[in-house]
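1. build the 3D model from these lines:
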Amino acid sequence: MLVEEIMLPEVIMVNDFDLIADVIRFLARRKVSGAPVVDLEQRAVGYFSSSVFFRQVIELAQKEVAITGNFVVAIREKIKDFSSREVSEFMSADFDYLEADEGLEEAIDLLLDTDLELVPVMQGGKIVGVINHNSVLQYFMEKK
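-> A predicted model of the protein is given here:
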């Protein structure tokens, strides 16, 4: 069984120039916490994770608590500062992905080894789908 046979062809992606505020809203509407980041030619250039971004905001806010005196205010200020910046500043350029012609075992191994919610599936340098835990589980449920 190849990855391309069980991948989800509808890919949730964001552009590298999208603003953080827009990306956070987009991911919330889609009920996911991360997505591949693509350039204008639709080539994968990174992965944005809300949880990684959240940790970055918290770490920076903790450093500023001494200045503001209030952790919640410091978080709010950091979010406000970052909301109009491009997602490319906060994405991970080094991200895990699968090739469309890889086997199911490789997909399972990667899902176990990574915390990505959606693992991009690549073919010819472009994202052609995604694999997630549910797509693998659904495959096994249908193969009773």
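
2. how many residues are close by Ser33?
-> Other residues near Ser33 come to 19 when the count uses other C-beta atoms under 10 Å. Heads up, the C-betas are built off the backbone N, CA and C, glycines and all.

3. how about it, what does it touch?
-> By C-beta atoms under 8 Å, 6 or more residues apart in numbering, the contact list for Ser33 reads 27, 49-51, 117.

4. so where is the chain shaky, pLDDT-wise?
-> Low-confidence segments of the chain, defined by pLDDT under 70: 67-68, 144.

5. now the helices for it?
-> With DSSP state H as the criterion, the chain has helices at 3-6, 20-30, 50-68, 71-82, 104-113, 133-142.

6. distance between the second one and the chain's centre?
-> By that I understand helix 20-30. Distance of helix 20-30 from the chain centroid (C-alpha atoms, centre = their mean, to the nearest Å) equals 11 Å.

7. which positions in that helix come out as buried?
-> For helix 20-30, burial by neighbour count (16 or more other C-beta atoms under 10 Å) applies to 20, 23-24, 27.

8. and what of the longest one?
-> For helix 50-68, the buried set under the neighbour-count rule, 16+ other C-beta under 10 Å, comprises 50, 52-53, 57, 61, 64.

9. next one: the first one
-> The neighbour-count check on helix 3-6 (16+ other C-beta under 10 Å) flags 3-4, 6 as buried.
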